Each structure stands twice: as C-alpha cells, then as structure tokens.
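Starting from these lines, generate the structure:
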Amino acid sequence: EGEAPGQLYRIDLPSLEMSRISTDDSRWEQQPRVREDEVSFMVVVPGPAPGTPNEGRLCTSDLTGDDRVQFASDLDVLRIALLGDGRQALELLEAAEGSKKGLYIQDGPQIGRVADLGEDEFLMSAAGRYVLTGLYEGWEGSGEFFLIDVETGEREQILDGLLAVSDAELSPDGSRLVYVSNEEQHNLFVVNIDGSGLTQLTHDSYANVSPSWSPDGKYIVYASCRNGSNPFRNHTLHVITADGSRQVTITEWVDEGMDDDNPCWTYSK
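Residues are numbered from 1 along each chain as shown. As a prediction, the model looks like this:
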C-alpha cells in the first residue's frame, strides 16, 4: 500500500520501479495477495446502515489496475491468504449466522466453507493445503496457533507456548514460520513448525511488521517504522534474507503522510 492511504502499488526488483495498481483515490484497498499476473485484495466499504462498522469486499485485478472484478457483495471479508495452488483462503464474517466468523476457500468463482473460527481467532496465512490461524489476545498478540487442513477441516495446534505474536506467515513450503514478537520490541523471528531452529532476524527498537516470504523461501519483505513522528504509521519497506544475514531498503520515507505497509510477493516465475 503506497503513498496515498489504502492505495496499491507494484515495485519491480531489483530496479525498484514503482507503478500504481489502484485506480480510485476514494477506495481504501488493502491486503494485496498476488498470483502470477493477478492481485486479490480487500476493498473497505461503508456498513449497511449509518453507524455500523465498515465491511470488506473481495476484489481482483491485473497488475496494471485494469480488468477489476468484485465478488459476492454480501460477503464481509476480514482477511485473505493464498494457498499457492490457485486457491485462496478467506476469513469471512457471516451476518446470516449472527456475525459468526468462518474460514472459506475460494476456487475461481466458487466459495466454499471449511471450518468455524472462534471469536478471537483470525486467519494469518496459508501454504499448500494448510491454513494458519491464531488466537488474538489484545495488544499482546496470539498465544495459540493452529494449522487447519482445508480438505478435511481438521485442525492441529502447533508451537505451543509461543506468546505475544502479532503477525505471522508460513513459508511457501509450510516448514517455517516468520513472526513478529511483541515481547522483543516488534522484532522478526523465524522458527521451524516443530519449534526448532528459532532465529532472530532483526535486532532493533523499530516496529517491524507485516512479514511476507518470497516464493522461493529465501527472503522476507516487511514494513518498518524507522522515520517520522508516529512510530506505528510511517512504515517503509525492507527485504531481509531468511537467515537475517543481509537486508536492503526498498522504499524511502518522504513525509509524515507516507505509510508503506502490507507488502507481498508475486508468485510469477
């Protein structure tokens, strides 16, 4: 999300050339997820009545911003994650079920329900046939993680005892997890799914958030508040190797109105 609030941009590496995908300044677009030459994202729209919360609508577009499609206007989308096989996982708020949350899988025009989600449980990421969810406990983040098999709906708790986690994403092969530790000044860590190989990637006092794996699992892009007066708004984008040995800055801070956040990688080869 680039210079204007809620606007989507594409950055080509290694040239760092930036091009805009969003076509309407009045629309708040977020959570981009890119597959080949298509980007899925959520558009924030006003609630159905005055005073009601805003809602999210699932949309897709090509990487130029043309050929935009909006799906199922009655579905309130909270979060989006890619499975890597052309499908995507959706956390939806089901108004017909008394605002109950559910996990859905979208495959082309078809959207099917997979499992219930608890009131404080939220979709974090996906890989292969598994979706990662976490239980949110206020500012301290998640204390429990679950892998949900989207084919069977079965769930398994993993990484028991990993506390104060706000952002987490499965590696493309599903073997590792990158996460933000709120106990360690919002630094990034990588750990194997079985709990082994814990590695701290960043070692600073900045608010590092929204980590996202490259398709080959070698790099992680993330947003960091390193400039400006607001420690939780003035993000810039950075790429770090998965072992933390090297990192580069992708976007530079310009002014107080700038906030680059929610980065993701393309899955093109």
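
contacts and neighbour counts: CA atoms only from here.
Will do.

pLDDT averaged over stretch 188-201, what's the number?
Averaging pLDDT along stretch 188-201 gives 92.

Low-confidence regions, the stretch 1-150 of the chain specifically.
For the stretch 1-150 of the chain, the stretches with pLDDT under 70 are 1-5, 71-74, 95-99, 136-143.

now the helices for it?
In chain order, the stretch 1-150 of the chain shows no helices, with DSSP state H, counting those that start in this stretch as the criterion.

Can you report how many residues neighbour P46?
By other Cα atoms under 10 Å, 12 other residues sit near P46.

so how far is D204 from it?
38 Å (Cα to Cα, to the nearest Å).

just T60 next, same as before
36 Å.

Kindly report the same for R57.
Where D204 is concerned, R57 sits at a distance of 36 Å (Cα to Cα).

quick one: which of the two has more around it?
Each of R57 and D204 has its neighbours counted (other Cα under 10 Å); R57 has more, 20 against 13.

Is the more buried one in contact with L75, as I believe?
Yes. Contact status for R57 versus L75: in contact at 6.7 Å, counting by Cα atoms under 8 Å.

Could you count how many residues lie near the closest residue to K218 other than its chain neighbours?
Leaving aside its chain neighbours, K218 sits nearest to A242 (5.4 Å; criterion: Cα to Cα, 6 or more residues apart in numbering). Burial of A242, expressed as a neighbour count using other Cα under 10 Å, amounts to 22.

show me what contacts A242?
Residues in contact with A242 (Cα atoms under 8 Å, 6 or more residues apart in numbering) are 190, 201, 217-220.

Please identify which pair of the residues you listed lies farthest apart.
Greatest spatial distance in the contacts of A242: L201 and G217, 14.3 Å, computed using Cα to Cα.

These two: which has the busier surroundings?
Of the pair L201 and G217, L201 is the one with more neighbours under other Cα under 10 Å, namely 22 against 17.

For the closest residue to that one other than its chain neighbours, give me phi and psi.
Leaving aside its sequence neighbours, L201 sits nearest to G244 (Cα to Cα, 6+ apart; 4.4 Å). Dihedral angles phi and psi of G244 (degrees, to the nearest 10) take the values phi 80, psi 10.

Please report how far G244 lies from L198.
For G244, the distance to L198 equals 12 Å [Cα to Cα].

How many residues are close by L78?
Using other Cα under 10 Å, the number of residues around L78 comes to 19.

go on, V45?
Neighbours around V45, by other Cα under 10 Å: 15.

Show the contacting residues for it.
For V45, the contact set (Cα under 8 Å, 6+ apart) comprises 27-28, 54-57.

most surrounded residue in these?
Within the contacts of V45, neighbour counts (other Cα under 10 Å) peak at G56, which reaches 24 neighbours.

Would you confirm that it contacts V44?
Yes. Between G56 and V44 there is a contact at 4.6 Å, judged by Cα under 8 Å.

burial measure for A81, as a count.
Residue neighbour count, defined by other Cα under 10 Å, stands at 25 for A81.

I figured it was touching R129, is that so?
No. Using Cα under 8 Å, A81 is not in contact with R129, being 11.7 Å away.

how much space between V114 and D149?
9 Å.

got it, and D24?
D24 sits 37 Å away from D149 when distances are taken as Cα to Cα.

okay, G244 and L198: which has more neighbours?
G244 (18 against 14).

hmm, back to that, pLDDT score assigned to the residue nearest to K218?
On pLDDT, A242 comes in at 95.
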